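Enquirer: here's my sequence, what's the structure:
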Amino acid sequence: MTTTSAATPSGTLSGSPPLADLGTCRQRLAWLAGGALAGMAAAQIGPGFAVLATFRPRLWPALAGLGVLDHVALTIDDGPDPAATPQFLEMLAARGVHATFFMLGAAAAKSPELAAAVAAAGHEIGVHGWNHRPLPRLGPLATYDLLARARDRIAATTGQAPRLFRPSYGVLTGSALAAARRLELTPVLWTAWGREWRRGATTSSVCATLARGVVGGGTVLLHDSDRYAPEGSWRAGLGAVPLLLDECASKGWRVGPLREHGTRWNRAHTA
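Expert: Residues are numbered from 1 along each chain as shown. Now for the predicted structure:
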């Protein structure tokens, strides 16, 4: 049986597209390449959309820090800070409350005795990264190296092996999730924050902001440092702590660290 080959236009190689279609092919290849790059970017920074607090509790309840309904987890980021952290420790001790302190590795290295004092006071220790650098700016190797360095330094200074990880600015990446998994760290964000890092924030504004988001089973975020905020901003958060504790008590909610926030969080603490 004889077959007839399709005619090829003059000026083209056999099996090649007509010259008139080369532009279209290039466009398609460019589109496919762009799509591949976009997919890679999505894998890297896509999880960063978890920072959208409005939708996070519904879409990622565990990542948002949801726990048992009669408990509110109190978490404190960015320390240890020689000016602020001792005052938070004093306030919490006076109220008989423990919290989860997400520390920066560089800060723990700079103030090792203070980091140890936080753990000695019975507080839970988590990792907040090495130096608060935004994760989307880091590649996979740098992400892992800095997270491992932070975990190891915090463990060495506090005597407590961290099991929890909160990324700076609440922005996760695919690389950070992979690194956390390798390092056996459980990522957790929050359901309510004081936003005391805003310029002009006061204890009243922090309480008002918290009131819109605090729920039974939720996780509260405050800061015990002004390294990445206006000077003295942590004072507004500190002033809000007793008011927050009183409000939670009036609703029958216990306040404590994430390790007391339910089975998942207790398991993360003891794993």
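
Enquirer: list the contacts for Leu185?
Expert: Neighbouring residues of Leu185 by CB atoms under 8 Å, 6 or more residues apart in numbering: Val127, Leu147, Arg151, Pro162, Arg163, Leu164, Phe165. (C-beta placed from N, C-alpha, C; glycine too.)

Enquirer: out of those, which sit inside strands?
Expert: Residues of these located in strands (DSSP state E): Val127, Leu164, Phe165.

Enquirer: going by distance to Thr173, which of these wins?
Expert: Nearest to Thr173 among the ones in strands among the contacts of Leu185 is Phe165, at 12.3 Å by CB to CB.

Enquirer: where's the closest residue to the closest one other than its chain neighbours relative to Ile125, distance?
Expert: Spatial nearest neighbour of Phe165, excluding adjacent residues (CB to CB, 6 or more residues apart in numbering): Leu185 at 3.8 Å. Distance, Leu185 to Ile125, using CB to CB, to the nearest Å: 12 Å.

Enquirer: for Gly65, which non-adjacent residue is closest in space?
Expert: Per CB to CB, 6+ apart, closest to Gly65 is Thr219, 2.9 Å.

Enquirer: and that neighbour, what are its bridge partners?
Expert: On the basis of DSSP bridges, Thr219 takes part in beta bridges with Ala73.

Enquirer: residue contacts, it?
Expert: 64-67, 72-73, 75, 188-192, 258, 261.

Enquirer: farthest pair within the contacts of Leu185?
Expert: Maximum pairwise distance in the contacts of Leu185, criterion CB to CB, is 13.2 Å, between Leu147 and Arg163.

Enquirer: more neighbours: those two, which one.
Expert: Leu147 (25 against 22; other CB atoms under 10 Å).

Enquirer: what's the distance between the residue lying closest to the more buried one once chain neighbours are set aside and Glu90?
Expert: Nearest residue to Leu147 in three dimensions, chain neighbours excluded: Ala179, at 4.8 Å (CB to CB, 6+ apart). According to CB to CB, Ala179 stands 35 Å off from Glu90.

Enquirer: name the residues contacting each of Leu185 and Ile125.
Expert: Shared contacts of Leu185 and Ile125 (CB under 8 Å, 6+ apart): Pro162.

Enquirer: give me the neighbour count for Arg199.
Expert: 7.

Enquirer: just confirm it is within a helix.
Expert: No - counting by DSSP: H, G, I helix; E, B strand; the rest coil, Arg199 is located in no helix; its state is coil.
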